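Q: Sequence and predicted structure are below.
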Amino acid sequence: MAQRKLAISILAILLLVSFAFAGGQEEKEGVTLFVALATDPSEPDYDYITQPFFIENPQVKLEWVPISVADASTIGMDARIASGLPVHFYHDYMSRAGKFAVPKTKENQAIWALDLSKYIDDLDDYMPRVLDPFWKDGKIYTVPNASLIVGQLLNLSVMDKAGYKPPPVEGWTLAEFVKCAQKTKAAQIPDTYATLMFAENRSGDWMYMGWLSSFGAQLFDGGDYSKTIIDSPEGLKVFEFWKALQNTGFIPYDAAVMNDDHAIEYRNAGRLAVMGDRAADFNNPIYQQSLVDSGMIEEPYQTAFYPYPKGPIIEKVPMVTSYDLTVAFDVGTEEEKAAAASLAWYFTNTATQTYLCTQLNKFPTRKSVADVDQAWWRNIKALLVANGTLDVGGNLGCYDGIRGAMFPQLQKLFIGKASPAEAVKLYAEALNKVLSEDQ
Amino acid sequence: MGVISLFETNYITSEFVGLRNYIDALTSPDFRQSIVNSLFYCAFTITLGTFVPLAVALTAYRYSNAYRDIVRFAFYVPSLASGVVIANAWKWIFDYRKGLANYLLSVAGAEPVMWWGHQVTAIGIISLIVVNLWMGNWIILYLAVLTTVRKEVIDSARIDGANWRQIQTKILIPLISPWVLFIMLMEIISTFQIWENIYLLTSGGPANTTATVVYNIYDTGFLQSRYGVASARSVILVLIVLGLALAKNRLEKRN
């Protein structure tokens, strides 16, 4: 009997504490926004957004919601929405966030995005055509942040060991790349390769798409997203080249079963002469020092950032750009919606993009962001101006499907289950299926 | 799940499509491939997971209780380890460039093998991992069943001149055959549900040749955001497993 009384007393105390705590939460005033992010919100980097945001919105409290993207999918956000947990705002890589930038329709029964054109009054500050793909019936449901530029990271230290000296940027051709690859292979540096490809998972779009430009291949014909034009003589050359990379040993033979973890490990350990990479990742001495401190490398390696090499008769190699998208959801009170839209603006405004460009090596999508007064930044801008950008459909809600359509075909190519001609056809078929389902 | 299977939904937009997702599932090459893959897994897991523990249990049964305890312990230990740790250990063993298996092949002068890059080798290894985790349980079960066989039956056979092999094949195996069938069915059901080892080791590749039905459902739903289609496939899987479970129950009643 005494034990029963004790158990009841403990339960009663626990219930009282719970009620007291819950009551305390209800008493809080103001607006609480649930902000979903794929990155760690505890990073002090976000202060540059939140400090000015809180000055204008002192009544708003931000509840950070980390979203796991370990498998590169939208499962984290899907699960949150399906379980009815609150979310007012989402900021993530375009392949994931783009899925949620949808208006209210009769088919949309879960959650829909706010029309940001009602809240953001400086949309004309975006660079020409940047926002064009995002407008739907005069409304805009997402805005892009500063972008990442993808090119090739040349590891000059590896090249030096291999006895190869790269030409200036304008002389970086496929013939030069092959020369570099041959010398790297001949140097027999342990576990070091000319470059890398991987096909085990759906990541890697930032790396393989650059090769399309080397051969003049394109995914889309002048903004026509109804079907792909990759199944072309140029597209075939790309797939033949990838197979040749494997056959010659310029990439690891088991590329079919390698994933992005392997790629990052090889890059970080300085075991690739050339690596498809984002410009933001290379010009970072602090990052390299952390690799030294962790024992991964003995000393920082020298690097250079080039566009993908020019193939024969190719004059320009359009560069792949990628960016994060910001979505504010049409949920809650009018005050919550206004706060979410305000946060969307603070995440992407001139001050934020300036910070991202100067501190994190990104490139602006707004005209008002001044050029960064650093040599590497001016060089990359010059490359962009000279080569333009490659349209990979990054603005489409189905971009995750676009990039996901590639890796099964790459696997087939690398394990010999499909010839280059078959693989490019299969890729075109898979891509067209994704595009048709998105119509 | 049944309701979602009637919609085309990515949790953002939903549209009622009736039975279209079921038609999609039954006509989808990747789903059909995953069923074929699962049957391929079954070939490995039934062979390794049913008959190897049976052989071990029959051998151990012949010896003392202490010896049986050692066998039980030795085969049960792997099931106590973390599945993730075990999977990563196997991943390293069969890594193309740095793995132990290819190192041993190179010592023997043989060419390296891309173990995870071929359907037969990848499915074989994953089956081995899965079977290894369950083998201890089945050995314990077999030994428990074998101890229920009355000693007089075996003694009589010995007096009649039967050797140990004949006792095994003519008396013990027929007596415990319902349990052998039970374990075979359990192996088939659990094989259709292999997921974590595929997630950790091959991601269903190369070219979808190692994806089981459950992995295909995960990929369709959670990676491709096609939840309606994934739900329809889940319903089909439930029906398959239900059929097998009913078969299992019938066998148990026969026991």
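A: Alright, I've got the coordinates. Just so it is clear, the structure is predicted and the values come from calculations on it, not from any experiment. Numbering: from 1, shown residues only, chains lettered A, B, ... in the order given.

Q: now the strands for the stretch 251-400 of chain A?
A: Taking DSSP state E, counting those that start in this stretch as the criterion, the stretch 251-400 of chain A carries its strands at A:274-278, A:303-306, A:320-328.

Q: just checking, what packs against the shortest one?
A: When contacts are defined as 3 or more Cβ pairs under 8 Å, 6 or more residues apart in numbering or on different chains; DSSP states H and E, strand A:303-306 packs onto strand A:143-155, helix A:279-282, helix A:375-387. C-betas here are computed from N, CA, C, even on glycine.

Q: Out of those, which is the most enclosed?
A: strand A:143-155 (a mean of 24; mean count of other Cβ atoms under 10 Å in any protein chain shown).

Q: now it: mean pLDDT?
A: For strand A:143-155, mean pLDDT rounds to 90.

Q: again with stretch B:154-173
A: 91.

Q: one step back: out of the strands of the stretch 251-400 of chain A, which one sits most buried?
A: strand A:320-328 (a mean of 25).

Q: Give me the phi and psi angles of A:Val331.
A: Backbone torsions of A:Val331, given as degrees, to the nearest 10, read phi -130, psi 160.

Q: correct me, but it touches A:Lys337?
A: Yes: in terms of Cβ atoms under 8 Å, A:Val331 counts as a neighbour of A:Lys337; the distance is 7.5 Å.

Q: Compare the two and say which is more crowded by neighbours.
A: For A:Val331 versus A:Lys337, neighbours defined as other Cβ atoms under 10 Å in any protein chain shown are more numerous around A:Lys337 (20 against 17).

Q: The closest residue to chain B within the stretch 151-300 of chain A - how many residues pack around it?
A: In the stretch 151-300 of chain A, no residue comes nearer to chain B than A:Asp254, which is 3.8 Å away by Cβ to the nearest Cβ. Per other Cβ under 10 Å, the neighbour tally for A:Asp254 reads 23.

Q: State the three-state secondary structure for the residue lying closest to it once chain neighbours are set aside.
A: Distances taken as Cβ to Cβ, 6 or more residues apart in numbering or on different chains put B:Tyr96 closest to A:Asp254, at 3.8 Å, once the chain neighbours are dropped. Under DSSP: H, G, I helix; E, B strand; the rest coil, B:Tyr96 falls in the coil class.

Q: What is the burial count for B:Tyr96?
A: 20.

Q: cool, B:Leu200 as well?
A: B:Leu200 has 17 nearby residues by other Cβ under 10 Å.

Q: pLDDT at it, what is it?
A: 91.

Q: if I look at the residue nearest to it when sequence neighbours are not counted, how far off is A:Phe34?
A: Residue nearest to B:Leu200 in three dimensions, not counting chain neighbours: B:Ala87, with 4.2 Å by Cβ to Cβ, 6+ apart. Distance, B:Ala87 to A:Phe34, by Cβ to Cβ, to the nearest Å: 35 Å.

Q: What of A:Glu200?
A: Distance, A:Glu200 to A:Phe34, using Cβ to Cβ: 34 Å.

Q: out of those two, which sits in the busier spot?
A: Using other Cβ under 10 Å as the criterion, A:Glu200 and A:Phe34 rank with A:Glu200 on top: 27 against 20.

Q: Would you agree the more buried one is in contact with B:Leu200?
A: No: using Cβ under 8 Å, A:Glu200 makes no contact with B:Leu200, being 11.3 Å away.

Q: A:Gly235 should be in a helix, yeah?
A: Yes: according to three-state DSSP, A:Gly235 belongs to a helix.
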